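Novice: Build me a model from this:
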Amino acid sequence: MIPTLNPRFTPGASVTPLADGGWHLEISSGQRGQYRLAQLDDYSRLSRRAFLWRPPFTLSLRARVSAPDLPGTWGFGLWNDPFGFALGFGNTPGRLPALP
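Specialist: Predicted coordinates:
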C-alpha cells in the first residue's frame, strides 16, 4: 500500500515530488532557535482513530543529507501526535494531548 502523502513545510523550506516517485525535502539555513520543518505525512487531516498504520508494520526508505554535520533533528518514522503539536499548524485539526 502506498499512502497519499501531504507535504507540510515552514517558510524557507520546500517539499517537491520527483519524477521517479521520490521526494526532495529541503530546509534552508536560518537563525538559531528558529523552528523549520519539511515533512510528508498521511495523518495531518485525520482523527487519531482514522490513522492508517497499526502493528505489525515495516517502514523502508533511502535518505541522504547534504553534509555530515547538519544541526537539528533528522528523523523518519511513525508519529501519532501525542502532544497535540498540530494545534493550528498548517491547517491541521487541533488535537489535545492523549495517551497511547
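Novice: In terms of pLDDT, where does the most centrally placed residue in the chain sit?
Specialist: Taking Cα atoms, centre = their mean, the centroid of the chain lies closest to Gln39, which sits 3.2 Å from it. Looking at Gln39, its pLDDT stands at 89.
Novice: how close does Leu52 get to Thr4?
Specialist: 10 Å (Cβ to Cβ, to the nearest Å). To be clear about C-beta, it is placed using only N, CA and C from the backbone, and glycine gets the same treatment.
Novice: Which of those two has more residues huddled nearby?
Specialist: Neighbours per residue (other Cβ atoms under 10 Å) separate Leu52 from Thr4, with Leu52 holding more: 11 against 6.
Novice: That one contacts Leu5, correct?
Specialist: No - look at Leu52 against Leu5 with Cβ atoms under 8 Å: they stay out of range, at 11.5 Å.
Novice: what residues are shared contacts of the two?
Specialist: Asp42 (Cβ atoms under 8 Å, 6 or more residues apart in numbering).
Novice: Mind checking what secondary structure Val15 has?
Specialist: Three-state call for Val15 (DSSP: H, G, I helix; E, B strand; the rest coil): strand.
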